[in-house]
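S.K.: Make a model of this:
(chains A and B)
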Amino acid sequence: MLQAFVSDHPGSMALPLNVTDAQAVQAAARIVETQQGLDVVMYCAGVYQPLRATDYNLAVMEQHMVVNYHGALYVLDAVLPTLLAQGHGHLSLVSSVAGYRGLPQSLAYGPSKAALTHLGEALYLDLQDSGIGVSVINPGFVDTPLTAQNQFTMPALITSAQAAQFIVQGWHDGLFEIHFPKRFTLWLQLLRVLPYRWYFSLVRRATGL
Amino acid sequence: MAWLTPFNKPLTEWRGRSVWLVGASSGIGLACAKALHAQGAKVCVSARQEALLQAFVSDHPGSMALALNVTDAQAVQAAARIVETQQGLDVVMYCAGVYQPLRATDYNLAVMEQHMVVNYHGALYVLDAASLCVRSSWQHGLAPERD
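M.R.: Predicted coordinates for the structure are as follows:
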């Protein structure tokens, strides 16, 4: 898949990598750094499997954390020293509106994205004076392999090409949180600030779960 | 009034209730263990430091201690089985936690991971062990009869 991308996009390069292998991430970062330099790093590796507490599965729980969060920790470990030394660069973490608050079916995925968003917030505060930009990307439903397994009709579904446009525009505008499509994410941002009693009741009504 | 009903069934009567506190050798966990023991709960305290746990048990008759490293999923399973058998499992409190101030400019992967492993993954192991307890007790028709 990576090689197909490189064939279609002259001048690009590919490095197959398992993000859960910290040493492989280190090695890859060194190669990228040497061969093309490191200005922007985007972490979009992620898994998603619907899971409810009544079907609790430890392996699924851990896998989500390892790929969605710990992988980002390995990437940070590999690139932060370089970015700090060069005094410029940008880190972008692809999180999710599912990380705002707890949702049904989101037992494994939600906490991993909540952690990632929180990581991005802390990075922003810590790196502001070092000349390193940080952004967190919170997509709504995007038509990707990851969401293909959803059984329900996804509201405000957009294509991955549209998502890329929103993201590039967000970077262009210097945003911290890049969320889209707004006709969906603004509702979730409203839900995020409601008292728990209202939040739980609205979510149960909306999802029937 | 739906708006005034509590989120959960209120835990009002602690006498005879079995509580497992994980991360109870100090701080909030220890304080809660003391408070619940005073209310008559059957208390089991877990943490890494056995000496601290034994001191609690000596001071609180009827309580029990199980030394445990929450980052060891199998040890958590084993401990849950013992608590379940010896005193039952009504309330589980996860209070194990580490905290070390850290800024991105001093990024340290080991510290980052340690916080996740103790503060989050440990809770996942306890959930795994506790949910098994609930399921197996239901399967054996031993669902708690209280309330």
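
S.K.: So what's the residue count around whichever residue of chain A sits closest to chain B?
M.R.: Closest residue of chain A to chain B, Cβ to the nearest Cβ: A:Asp126 (3.5 Å). Just so you know, the C-beta spots here come from the backbone N, C-alpha and C atoms, and that holds for glycine as well. Summarising burial for A:Asp126: neighbours were counted as other Cβ atoms under 10 Å in any protein chain shown, giving 17.

S.K.: and the closest residue to B:Gly62 other than its chain neighbours, what are its phi and psi?
M.R.: Here the nearest residue to B:Gly62 in space, its sequence neighbours aside, is B:Lys42; by Cβ to Cβ, 6 or more residues apart in numbering or on different chains that works out to 6.7 Å. As for B:Lys42, its main-chain torsions (degrees, to the nearest 10) stand at phi -80, psi 110.

S.K.: can you check A:Val134 too?
M.R.: Per-residue torsions, A:Val134: phi -140, psi 130 (degrees, to the nearest 10).

S.K.: same deal with the one 5 residues further on?
M.R.: Here the main-chain torsion angles of A:Pro139 (degrees, to the nearest 10) amount to phi -80, psi 150.

S.K.: Dump the C-alpha coordinates for the strand or helix carrying A:Leu123 into CSV.
M.R.: Per DSSP states H and E, A:Leu123 falls inside helix A:109-127. Listed in CSV are the C-alpha atoms of helix A:109-127, where the atom choice follows Å, rounded to 0.1, in the frame of the first residue of the first chain:
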residue,chain,number,x,y,z
TYR,A,109,-11.7,3.7,21.6
GLY,A,110,-12.9,6.7,23.6
PRO,A,111,-10.4,6.6,26.4
SER,A,112,-7.5,6.2,24.0
LYS,A,113,-8.6,9.3,22.1
ALA,A,114,-9.3,11.2,25.3
ALA,A,115,-5.7,10.5,26.4
LEU,A,116,-4.4,11.6,23.0
THR,A,117,-6.3,14.9,23.0
HIS,A,118,-5.1,15.5,26.6
LEU,A,119,-1.5,14.8,25.5
GLY,A,120,-1.9,17.3,22.7
GLU,A,121,-3.1,20.0,25.1
ALA,A,122,-0.2,19.4,27.4
LEU,A,123,2.3,19.4,24.5
TYR,A,124,0.9,22.7,23.3
LEU,A,125,1.4,24.4,26.6
ASP,A,126,4.8,23.0,27.1
LEU,A,127,6.2,23.6,23.6
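
S.K.: Now whatever residue of chain B ends up closest to chain A. Nearest residue, chain neighbours left out?
M.R.: Chain A sits closest to B:Ala104 of chain B, with a gap of 3.5 Å, by Cβ to the nearest Cβ. Nearest-residue entry for B:Ala104: A:Asp126, 3.5 Å, with adjacent residues in sequence omitted and distances by Cβ to Cβ, 6+ apart.

S.K.: which residues does that neighbour contact?
M.R.: B:Arg103, B:Ala104, B:Thr105 (Cβ atoms under 8 Å, 6 or more residues apart in numbering or on different chains).

S.K.: Please identify the buried residues of stretch B:113-131?
M.R.: B:113, B:116-131 (16 or more other Cβ atoms under 10 Å in any protein chain shown).

S.K.: about what we covered before: so what's the residue count around the residue nearest to B:Gly62?
M.R.: If we define neighbours as other Cβ under 10 Å, then B:Lys42 has 21 of them.

S.K.: isn't it right up against B:Arg15?
M.R.: No: assessed by Cβ atoms under 8 Å, B:Lys42 is found out of contact with B:Arg15, at 9.2 Å.

S.K.: What number of residues are in the vicinity of the closest residue to B:Gln100 other than its chain neighbours?
M.R.: By the measure of Cβ to Cβ, 6+ apart, the closest residue to B:Gln100 outside its immediate chain neighbours is B:Val111, 5.7 Å from it. The number of residues packed near B:Val111 is 13, by other Cβ under 10 Å.

S.K.: and the direction of the one helix or strand B:Val111 maps to versus that of helix A:109-127, what angle?
M.R.: Per DSSP H and E: B:Val111 is located in helix B:109-116. Counting by axes from the mean of the first three to the mean of the last three Cα atoms, to 10 degrees, helix B:109-116 lies at 140 degrees to helix A:109-127.

S.K.: chain center to helix B:109-116, what's the gap?
M.R.: 22 Å (Cα atoms, centre = their mean, to the nearest Å).

S.K.: Which among the contacts of A:Asp126 count as buried?
M.R.: In terms of neighbour count (16+ other Cβ under 10 Å), the buried residues within the contacts of A:Asp126 are B:Ala104.

S.K.: how about the contacts of A:Asp126 in TSV, adding pLDDT?
M.R.: Converted to TSV, the contacts of A:Asp126 look like this (pLDDT from 0 to 100):
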residue	pLDDT
B:Arg103	97
B:Ala104	98
B:Thr105	97
